[in-house]
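J.: Sequence first, then the predicted structure:
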Amino acid sequence: MVHLPKLPDPESVFSVIDRASGVIDKGLGFIDKVSDRLDRLGITEESPPTTTTAPQAADKAPPEQKTTNFAQEPEIAPHQEEIATACVPCAIGHYAGAARLLNEAMRFRDDGIESNQVIDDIAGAIGELNAMERVDLTPERLQKTPDWERAIADEALRESRKLRHRLEGIGSMEEIERAAADTESYYKKINRQWYRGRFSNLGARKAEAIAQRVGGK
């Protein structure tokens, strides 16, 4: 036999329902009061409250920017360098370099004219002469050279060309030896000639001071 649970008293059940209904009625009444108050304030669910901001001026002009006016400097035309005079001392230096290289080649005579050292020394001497002719004694420079120095420069240019062609056609160590001796002799000659000309054009007092400084007699 199955025992069924005891059901609650119907009167107590209705009493609980009545109390719950009263609470619900009070809640609905409170909601109605709040809704009426919101309506009076003009606030609805469809139009949420908006935040009032300060009006901005329309078409506000941008702040004035300060500009600095830099005075434009006039363009200066590049200075055109005048053509320098012929550099006879530089030419003498190239002669000295050529003589030194040819003397160096003779130190390796036992290796023969086809040795790298001898060939390089000959090429170096030719390079010295080329630099003298194409840089130090160009026609533009010779035109502005003083008369006393122009004669030395012309002679140095002629001798350089002859020696350069001589070295370009060299064929034996004996020829190199003669060329080395001739180059050394001419270097000493032109060097002394230029110094004497310079001394005579400087005046006796300056010439004596320079002669003492360089050890001349």
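T.: All right, it came through fine.
J.: Show me which parts of stretch 174-192 are buried, residue by residue.
T.: Ile176, Ala179, Ala180, Asp182, Thr183, Glu184, Tyr186, Tyr187, Ile190, Asn191 (16 or more other CB atoms under 10 Å). No exception for glycine: its C-beta is placed from N, CA and C like everyone else's.
J.: Residues touching it, excluding its own?
T.: Under the criterion CB atoms under 8 Å, 6 or more residues apart in numbering, residues 91-92, 95-96, 98-99, 102-103, 105-106, 109, 113, 118, 122, 125, 152, 155-156, 159, 163, 166-167, 170 lie in contact with stretch 174-192.
J.: Just the buried ones from those residues?
T.: So, by 16+ other CB under 10 Å, the buried ones in the contacts of stretch 174-192 are 91-92, 95-96, 98-99, 102-103, 105, 113, 118, 122, 125, 152, 156, 159, 163, 167, 170.
J.: Okay, and which of those map to helices?
T.: In helices, judged by DSSP state H, the following of the buried ones among the contacts of stretch 174-192 are found: 91-92, 95-96, 98-99, 102-103, 105, 118, 122, 125, 152, 156, 159, 163, 167.
J.: Can you pull the poorly scored residue ranges out of the chain?
T.: Scanning the chain for pLDDT under 70 picks out the ranges 1-86, 203-211, 213-217.
J.: Just the strands from it, written as ranges.
T.: Secondary structure of the chain (DSSP state E): no strands present.
J.: Skipping adjacent residues, who's closest to Ser115 in space?
T.: Nearest residue to Ser115, sequence neighbours excluded (CB to CB, 6 or more residues apart in numbering): Phe108, at 5.7 Å.
J.: Count the neighbours of that neighbour for me.
T.: For Phe108, the tally of surrounding residues (other CB atoms under 10 Å) stands at 16.
J.: show me the contacts for it.
T.: Under the criterion of CB under 8 Å, 6+ apart, the contact partners of Phe108 comprise Ser115, Gln117, Val118, Asp121.
J.: same check, this time on Arg166
T.: Contact analysis of Arg166 by CB under 8 Å, 6+ apart lists Glu175, Ala179.
J.: Quick one: end-to-end distance for stretch 133-148.
T.: Stretch 133-148 has an end-to-end distance of 19 Å (CA to CA, to the nearest Å).
J.: Contacts only, for Asp154.
T.: Going by CB under 8 Å, 6+ apart, Asp154 touches Leu142.
J.: Please report how far it lies from Arg178.
T.: Distance of Asp154 to Arg178, given as CB to CB, to the nearest Å: 24 Å.
J.: May I see the buried residues of stretch 112-125?
T.: Of the residues in stretch 112-125, those buried (16+ other CB under 10 Å) are Ile113, Val118, Asp121, Ile122, Gly124, Ala125.
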